[in-house]
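1. using only what follows, build the 3D model:
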Amino acid sequence: MGVFKYSPVDFLFTCLGLVFLLLDIGLDVWAVVSLYQEKAYVSLGILLLFLVGSSVLVQAYSLLWYSYEDYRRQTSVEKWLSKGQLKLLHVLQLGIYFRHAGVVEMSVRSYFSRIPDPPRDVAVYLSHDLSMLRLIETFSESAPQLVLMLTIILQQGHLDPVTVLKAIGSASAIACSVTMYHRSLRSFLPDKHVHSFISSVVYSLWNLLLIMSRITALALFASVLPCFIFAHFFCSWLVLLIFVWRSETDLMDGPAGEWLYRATVGLIWYFDWFNVVEGKTRYRTLLYHGYILVDIFLLCSLWCWKMSTEPPYFEIPFLYAIIIAVSVVAVYIFGLFSKIIYYKFYHPNLDKEELKGDAPEMSPTALGSKTLIEDVPDFGASPCAGMTVLRATDISIEDRSLPGPPAPVATYCNKRMRKLAENFYS
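-> Purely as a prediction, here's the structure:
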């Protein structure tokens, strides 16, 4: 079983994630106040819907994962709270911030620790949960917000500082969360399969190209047919949800949580592809990208038609509109080529047994006779299934003359992230 490593790069991304979180909160408040002062109540209501809906969704996942682990608190920050206080904070939409504080605490402790120890293992474990929560937040808040901000820019016909900064903040949050998620997946690779930082760059590149092309197409469509964008989302999400259901996902520990996960995957698929089952997904991926590419083409075509017949507030020459629409489709196609390059040169295909987090079976005969499982020191994170830890005190008295076994290393792995790694690398 490989040992998880918490590198300086991971520490840097954890700190950057916290900075972007605080910056995004400040920009959210600024955008809400600006829209209210401009009396843009429709845009203000939509923005608040994104903010509140995303917060409720992320807090629900965070609370569910705490409940799956019997509300174990793994950091000093979390241990200040009782079980009831932890639940109350999630109801008040504040629980996720204590997760952030706990990850920062364990990251600092592990970064300045020179030997592998429980804080480092717990830091990796917590950072995996945080990367999943940030990914959910990205596609439930940042991506829809970016569509809204681009729509406002297109409808107004000029660049407003608040709108531009909010769009840049949302795009930065998307880039950071996608990169953090990929690094979390890579942490499960055996050392011999770990590629250089360029693999994360290529992964982030094709994801951002596909996401930005999709978001731009949605913004173009919403700028001329704003009332129909919600019908488009609901119909697309319903189709994608059925597709997720037919894929028979298995990530959460209960049926209610699993259906919440499937609904969330449908939301993510509205913007970008996300592996949900292990095994070969080539045909599923081709079907998905074909569907999204056709949808982008139709959205851009409708925008060109409306701009030529009923422009909103400003006119764009029809030739320029065609160039913009073709460019959006071309960026998506270029993103697909970048994805092919990633899977051709940087993506290892492994069996789930080869990933970190699964301990090899240890035969009792290797130590003589009686062996029992030791109670691992409780640091709050449950080891992955299949991990065996032995203690010398469990060896029978007559075998104490034999050479003692090497000291076991208790490695904590996040079973949810490991399942996603199996889906991605198998």
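2. in the lengthiest helix in the chain, what counts as buried?
-> The helix of greatest length in the chain, counted in residues with DSSP state H as the criterion, is given as helix 8-37. Under the neighbour-count criterion of 16 or more other Cβ atoms under 10 Å, helix 8-37 has 10-11, 13-14, 17-18, 20-21, 24, 27-28, 31, 34-35 buried. Glycine gets a C-beta too; all of them are placed from N, C-alpha and C.
3. quick one: whatever helix or strand comes next after it to helix 8-37, angle?
-> The C-terminal neighbour of helix 8-37 among helices and strands, as given by DSSP states H and E, is helix 41-68. Orientation check (axes from the mean of the first three to the mean of the last three Cα atoms, to 10 degrees): helix 41-68 against helix 8-37 gives 140 degrees.
4. helices and strands around the helix or strand following helix 41-68, which ones?
-> Past helix 41-68, heading to the C-terminal end, the next element that is a helix or strand (DSSP H and E) is helix 76-79. If contacts are counted by 3 or more Cβ pairs under 8 Å, 6 or more residues apart in numbering; DSSP states H and E, helix 76-79 sits against helix 95-111.
5. show me what the next helix or strand after the helix it packs on is packed against.
-> Scanning the chain past helix 95-111 towards its C-terminal end, the next helix or strand to appear is helix 118-137 (assignment: DSSP H and E). If you count contacts as 3+ Cβ pairs under 8 Å, 6+ apart, helix 118-137 packs onto helix 8-37, helix 41-68, helix 95-111, helix 161-186, helix 255-269, helix 415-425.
6. how far does the longest one sit from the chain's center?
-> Spelled out, that is helix 8-37. The gap between the average C-alpha position of helix 8-37 and the chain average comes to 17 Å, counting by Cα atoms, centre = their mean, to the nearest Å.
7. with adjacent residues omitted, what lies nearest to the most centrally placed residue in the chain?
-> Computing the C-alpha centroid of the chain and ranking residues by Cα atoms, centre = their mean puts Leu135 first, at 2.5 Å. By the measure of Cβ to Cβ, 6 or more residues apart in numbering, the closest residue to Leu135 outside its immediate chain neighbours is Tyr181, 4.9 Å from it.
8. contact partners for the one you found?
-> For Tyr181, the residues meeting the contact criterion (Cβ atoms under 8 Å, 6 or more residues apart in numbering) are 131-132, 134-135.
9. swap in Leu209?
-> When contacts are taken as Cβ under 8 Å, 6+ apart, Leu209 is in contact with 331-332, 334-335, 338.
10. before we move on, the earlier item: I'd assumed Thr179 was in contact with the residue nearest to the centre of the chain.
-> No: if you go by Cβ atoms under 8 Å, Leu135 and Thr179 don't touch, sitting 10.6 Å apart.
11. ok, which pair from the contacts of Tyr181 is furthest apart?
-> Among these, the pair separated by the greatest distance (Cβ to Cβ) is Met132 and Arg134, at 7.3 Å.
12. buried ones in stretch 261-277, by neighbour count?
-> 261-262, 264-277.
13. tell me the one of those nearest Val164?
-> Minimum separation from Val164 among those (Cβ to Cβ) is found for Phe271, which lies at 20.9 Å.
14. now do the SS call for the closest one.
-> coil (DSSP: H, G, I helix; E, B strand; the rest coil).
15. pLDDT wise, what is it at?
-> Predicted confidence (pLDDT) at Phe271: the value is 94.
16. same question for the one 5 residues further on.
-> Per-residue confidence (pLDDT) for Val276: 86.
17. skipping adjacent residues, who's closest to it in space?
-> That would be Thr249: by Cβ to Cβ, 6+ apart, it lies 4.9 Å from Val276.
18. what's the local residue count around that neighbour?
-> Applying the criterion other Cβ atoms under 10 Å, we find 17 residues in the vicinity of Thr249.
19. you'd agree it is in a strand?
-> No: assigned with three-state DSSP, Thr249 falls outside any strand and is coil.
20. what sits against it?
-> For Thr249, the set of contacting residues under the criterion of Cβ under 8 Å, 6+ apart consists of 258, 261-262, 265, 276-277.
21. how far away is it from Trp259?
-> Applying Cβ to Cβ, to the nearest Å, the value for Thr249 to Trp259 is 10 Å.
22. kindly report the same for Tyr61.
-> Distance from Tyr61 to Trp259, counting by Cβ to Cβ: 13 Å.
23. more crowded one of these two?
-> Higher neighbour count among Tyr61 and Trp259: Tyr61, with 22 against 15, using other Cβ under 10 Å.
24. the more buried one reaches Ile136, doesn't it?
-> Yes: checked against Cβ under 8 Å, the pair Tyr61 and Ile136 is within contact range at 6.2 Å.
25. tell me, what's touching the two both at once?
-> Common neighbours of Tyr61 and Ile136 are listed as Thr264 (criterion: Cβ under 8 Å, 6+ apart).
26. show me the contacts for the residue lying closest to Asp351 once chain neighbours are set aside.
-> The spatial neighbour of Asp351 that comes closest, neighbours along the chain excluded (Cβ to Cβ, 6+ apart), is Ser426 at 6.7 Å. Shown in contact with Ser426 (Cβ under 8 Å, 6+ apart): 278-279, 349-352.
27. report how many residues lie close to Tyr332.
-> A count of nearby residues for Tyr332, using other Cβ under 10 Å, gives 23.
28. excluding chain neighbours, what is closest to it?
-> Nearest residue to Tyr332 in three dimensions, chain neighbours excluded: Ser213, at 3.8 Å (Cβ to Cβ, 6+ apart).
29. so which strand or helix has that neighbour?
-> Short version: Ser213 belongs to helix 197-224, going by DSSP H and E.
30. now that helix against helix 8-37, angle please.
-> Angular relation of helix 197-224 and helix 8-37 on a 0 to 180 degree scale: 10 degrees, by the same axes, to 10 degrees.
31. where does pLDDT dip in the stretch 51-200 of the chain?
-> Scanning the stretch 51-200 of the chain for pLDDT under 70 picks out the ranges 110-121, 191-196.
32. now with 80, please.
-> Within the stretch 51-200 of the chain, the set of residues satisfying pLDDT under 80 comprises 73-76, 78, 106-124, 157-160, 162, 189-200.
33. and Val124, how many residues sit next to it?
-> For Val124, the count of nearby residues is 26 (other Cβ under 10 Å).
34. from what I can see it touches Ser187, true?
-> Yes: Val124 is within contact range of Ser187, at 6.5 Å (criterion: Cβ under 8 Å).
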